[in-house]
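Peer 1: need a 3D model of the following:
(2 chains)
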Amino acid sequence: MPTLTIDNRTVTVAEGASVLDAAVELGIVVPHYCYHQALGAVGACRQCAVTILEGSQKGLKMSCLVTAEDGMQVSTCDEESRSFRAQVGEWLMTNHPHDCPVCDEGGECQLQEMTIGSGHGIRRYRGNKRTHTNQDLGPFITQEMNRCIQCYRCVRAYKDYCGGEDFGVMGSRQRVFFGRFKEGPLESDFSGNLIDFCPTGVFTDKTSRFKTRYWDLQQAPSICPHCSLGCATLPGGRYQQLQRVRSGSNRLTNDSFICDRARFGSDWANHPQRPREARIDGEKAEFSVVLSQLEERLQSLVDTYGGETLRLLGSPRASFEANLLLKKLAVRFGAPTPCYDAHPRRAFAARAAGSIPSGQLASLQQLRASDLVLVAGVDPLAEAPVLALALRQVVRAGGRVVVLDPRPVELPCEFEHHSLTQEALLRGLSAPEENELLESLRQQLEAAHHPVLVGGGDLLGGAGLLLLRRFSESCCGDSDCLIFPVLHGPNSYGGGLLEEPGERQRDLLEDLENGKVRALICLEADPAIEHPDPGRMQLALARLDLLAVFDHLPTHSVAAANIFLPTRTLFECGGTYVNNEGRMQAFAPVIEPGIPLEVSGGGGHPLRQFDSGVPGSAPHSAIHLLQQLLKDRQDLFGLRRQIVEEIPCLRDLDRLEAGDSGRRMADCGESLEESRLEIWAQEGELRLLPVMARYGGDQYSRLSQPLASRLQQPCLWIHPLEAAERGFGEGQRVVLRTAVGHFRLSLSCKEKMVRGRVMLPCLPGTPLEVFTPGGLSIPCQLYAEDDNA
Amino acid sequence: MNSTPQLLFKNRVAGQTIFFKDYCKTGGYQALTKALKTMSPTEIVDVVKASGLRGRGGAGFSTGLKWSFFPADAPRPKYLVCNCDEMEPGTYKDGELLAADPHQLIEGMVLSAYALNADVGYIFIRYAYDQQLRNLQQAVAEAKKAGYLGKNILGSGFDFELHLHGSAGRYILGEETALLNGLEGKRPNPRLKPPFPAVRGLFGRPTTVNNVETIANIPHIINGGAEWFKDLARNPEGAGTKLFGLSGHLNCTECFELPVGIPLGELIEDYGGGVWKKRKFKACLPGGASTPYLTAEHLDIALDFDPLAKVGSRFGTAGVTVFDDHSCMLRATLNLLQFFARESCGWCTPCRDGLPLVCWLLEKIEKGEGTNEDLEMLKQQQQQITGRSFCALAEGAMGPLDGLLRLFEQEVIDHIQKGECPF
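Peer 2: Okay, here's the model as predicted:
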């Protein structure tokens, strides 16, 4: 740990840290562009020059390239480095337009800040500026190349870090161009990171351009709700409208990168059909009236028929606190412990993940540092996109990635794909010593320095995750083989912890169908399509005396509810999610709840008149709503402290702050014994596996307008040889017959997928929503569309 | 006049290329045979070190010393790369050499690779050197057929595979790490050093990059011995002969092989035939476009690395470009700077944005629109760019600017005061 002095101030930094890192540590501003914490130093911009007075190298040096040494003396104030930094500022500004007032980056522009930091003020160059023709890069990103200062961060982020192949550097000298070879939409699933990494206004967010000036923007640290990884985000909005999402920074999870689904998939919070008013039997009513009516009806139901007739359903979408309060509500009414996922197999997968001791779980940071990762049953780009980025970093550092999955998995890096069916994978895991492939992989994992096993809850189920845990223990050589479970919702893990211990898989539907249940409360859950058998579930829901739903999405269950109470989105209230590795992370409110205010001038100018439709009572947060039912008046902090007192393993919950790196929970999951596998007899030669779609597979991305052009179109994946055997080809219209109905679809041939299966990307909001991922394959038949007619 | 021993140009006949048969007639491949049969790799490195041979690509680093840093015992593959991306204005000696006698380079490559224990070689050839590439293709085929290239060369157990690679054509590819990126099919930006190519070079493996003329000298050193080679020079600290490529305002602009250390005046008068049109000598670039000017006061100077460094210039590639007394040095400097600004790869700021700013200032002054502030700014630019760019390109571009400001400042002031170019 070297101790060095910069401008007469002393600091001790980690071994290998640069002089620039040390200056940052001291709060000394050394302007820089090409250096980025996540991308490293390349020494291109020359802006971070300092003078080394004492050290193994002396004189003017680039602080990003010089490793801090013990006893080093550094100056940033001397004339030599000061005047050079100002000169670099002048060089960079020779071609940059002087139009900050009309640039969307204005106010949050690193170039603005660091040009001032460099000391350059007056431009002496009076010649022509170099200009470029901009490209249309698709629906997400606007390019304005004239602003470019050639720091190369875009290409290093897009191409090197994220593995995008359709963006690069072209030309040379002062005419260097950063873009696509030909105009067109950016193909990477991580293209939005260009916005965060560009230090100036070359790449700006097309979906939020010119909506709000940075200084008027309301921002707060948050957690992405799109998958179970819990990436740090920084959403921003104004006038009760969520306008944009930037990546937050958490080195333990997503570092500084998020996927496009997270960045451009938050418009659901502004959805025009978002239910914002309380309703009784479809009729709008005042919140307090609906709430007291709900209480009365619940009380009388419980008084008449007993608490056993009431069921509660929490969800992986709801905050940990709200889910926990739901459990308290069940206690208050004498009802059984709530379910925390309408999908019994997914719920059990979450419980299984929670049962893995905390010390055996890998963080994304640990995964990035691994030298051998075995991915069992995960399609990262669909189920947890930032995991794909982490896998790329493994490969970039010289490590290997091996994927065992039936799907045509794609990754932005080189990897080995062993395509095998779900059943074969599970059978292999149940007796890995008898499986040649797994035995060879086990030996390789044992020999690796930092092996990690990634397991998909959806494909493997809880039983599979338990088998994976046993397999990991057999792979521990000199170092432990860690596990990285992938679940399906932002709080799946948290829900799993709250489930009733003991019973293996509880199916809410069975309880509903046996007629004993008269009322169901759904907390931000939509059992009508989240259950693997939505048809039966919808019938069962219709038979209830009382269906109460608290939600903020326009779902089937909301439409069917007898009593509906709107809730706030995560952007409008505080709360906690527990991610896939048991990391509790807090999110903070960003904007006010309520209908987004439209600025309208009625055709006049300036636009200074607000729309007259100012909303009435704003929704309450689910936490607050449940607290009202529980007569609990604590604030969120008090609530968290109470939870910590009651559940000791959550001891760090009350120390969380939004924007911090989160805290791993101590072990408190139940210990689950391995059990007999759910391997079933395979009937029929062709079986259907419903899988997660990359875009549009979750409620959030389906309801977000900017993602419309990216949404997966209905289709059926088939191995080309499987198709050829049946006389089918790519794009062929076929009829898919299953127990839940007939569907007309076109075939999409995928060479890398397993044979003997067809796969359906699940799409809520379309007729295909009767299929849910997370289950086992089902029998099906395929016909050419004409034959059937 | 031509009493100088001819090594590299010994087989040179105007308008002809010497191939295998004729090359062997004058002792070709004898050095290789001798070395493989009687010398160990370390002995070769020692001889080259003792010969005083300094890199002919411009930097002038001792070749033997450079080789001694090479991890010869590291596992294979290890690469020897020959830099034939001769793109500096005023420099054309490697082109002449390969047009005349390509087998020298092949023999030199095999010898050097044997000395370094490198198993794969690449010759990276300038885009415009189409004929030279074809000459080398034929030479490689002949050498392979004769058993001087490939597996188990001359039964010594030494294997060497040689590839030719035509450049796509940018000046930056002459920078050794940019050249390695180019060879790998990447964008030719220079690489961060360390790690140096000897540690992690081509495809991440130990690599040595040497100039054509440097490598072509190796067979002669092996044949004649270190003492003999060293004594070829005219000055005591020098070693060997050098290909001098003359250009500019001379009566004769050709390439000559002459002893290192020949005085500038002798070169111009005896070989260049004197300044053309009976005009007077004003200045010259002694070693290519990136070397600061010499003036009439330097006519007695011995042309070699150390003497030229003492007067603030560089020996560079010994491509001597002469300017007569009718030349505007500001105009000449602007022309050179425009070349460097155009050839910047665009990686670092001082080069990419600094050089165009210098061009803008020079252009402004040349047009008679300059001010004293512009001259001050020009001096600042020269100080701020020198030594602070990522690679040596911008550093080299500052050579002529440094010469202009040091030796011809009055000429620049005249432009400003007269409001027009005085020439």
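Peer 1: who in the stretch 101-250 of chain A is up against chain B?
Peer 2: A:124-125, A:127, A:150, A:152, A:169, A:171-176 (C-beta under 8 Å from any C-beta of the partner chain). The C-beta positions use only the backbone N, C-alpha and C, and glycine is treated the same way.
Peer 1: recalculate using a threshold of 6 Å.
Peer 2: Contact residues, the stretch 101-250 of chain A versus chain B (C-beta under 6 Å from any C-beta of the partner chain): A:127, A:172-174, A:176.
Peer 1: need these in a markdown table with distance to A:L721, can you?
Peer 2: What follows is these, written out as a markdown table (distance: C-beta to C-beta, whole Å):
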| residue | distance to A:L721 |
| --- | --- |
| A:G127 | 63 |
| A:S172 | 47 |
| A:R173 | 51 |
| A:Q174 | 53 |
| A:V176 | 46 |
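Peer 1: emit the PyMOL select command for whichever of the residues you listed are buried.
Peer 2: To isolate the buried members of these in PyMOL, using 16 or more other C-beta atoms under 10 Å in any protein chain shown:
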select buried, chain A and resi 172+173+174+176
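Peer 1: between which two of the residues of the stretch 101-250 of chain A next to chain B is the distance greatest?
Peer 2: The most widely separated members of these are A:G127 and A:S172, with 19.6 Å between them, by C-beta to C-beta.
Peer 1: pLDDT wise, what is residue 87 at?
Peer 2: I went with chain A, as the question did not name one. A:Q87 carries a pLDDT value of 97.
Peer 1: not quite, I wanted chain B
Peer 2: According to the model's per-residue confidence, B:M87 sits at a pLDDT of 93.
Peer 1: quick check: chain neighbours aside, which residue is closest to it?
Peer 2: Leaving aside its sequence neighbours, B:M87 sits nearest to B:Y171 (C-beta to C-beta, 6 or more residues apart in numbering or on different chains; 4.5 Å).
Peer 1: number of nearby residues for the one you found?
Peer 2: Residue neighbour count, defined by other C-beta atoms under 10 Å in any protein chain shown, stands at 24 for B:Y171.
Peer 1: contacts only, for residue 414.
Peer 2: Reading this off chain A. Contact partners of A:E414, counting by C-beta atoms under 6 Å, 6 or more residues apart in numbering or on different chains, are A:V395.
Peer 1: hmm, no, I was thinking of chain B.
Peer 2: Here B:D414 is in contact with B:P422 (C-beta under 6 Å, 6+ apart).
Peer 1: around chain A, pick out the residues from chain B.
Peer 2: Within reach of chain A by C-beta under 6 Å from any C-beta, chain B has these residues: B:192, B:344-350, B:352-354, B:356, B:360, B:384.
Peer 1: repeat the analysis, applying 7 Å as the threshold.
Peer 2: Residues of chain B found near chain A, taking C-beta under 7 Å from any C-beta of the partner chain as the criterion, are B:170, B:187, B:192, B:341-342, B:344-350, B:352-354, B:356-357, B:360, B:377, B:384, B:388, B:390.
Peer 1: helices - which of the residues you listed land there?
Peer 2: With DSSP state H as the criterion, helices contain B:341-342, B:349, B:356-357, B:360, B:377, B:384 from among the residues of chain B next to chain A.
Peer 1: now do the phi/psi pair for the nearest residue in space to A:N435 that is not next to it in sequence.
Peer 2: Excluding its sequence neighbours, the residue lying closest to A:N435 (C-beta to C-beta, 6+ apart) is A:G428, at 4.2 Å. The phi/psi pair for A:G428 (degrees, to the nearest 10) reads phi -60, psi -40.
Peer 1: can you count the residues close to A:G428?
Peer 2: A:G428: 22 surrounding residues under other C-beta under 10 Å.
Peer 1: ok, B:E420 next?
Peer 2: The local packing count at B:E420 equals 12, with neighbours defined by other C-beta under 10 Å.
Peer 1: now it. Nearest residue, chain neighbours left out?
Peer 2: Once flanking residues are discounted, B:E420 sits nearest to B:G368: 3.9 Å by C-beta to C-beta, 6+ apart.
Peer 1: in which helix or strand does the one you found reside?
Peer 2: Assigned by DSSP states H and E, B:G368 falls within no helix or strand.
Peer 1: list the residues that contact A:L468.
Peer 2: With contacts defined as C-beta atoms under 7 Å, 6 or more residues apart in numbering or on different chains, A:L468 is in contact with A:376, A:429, A:453, A:455, A:460, A:483.
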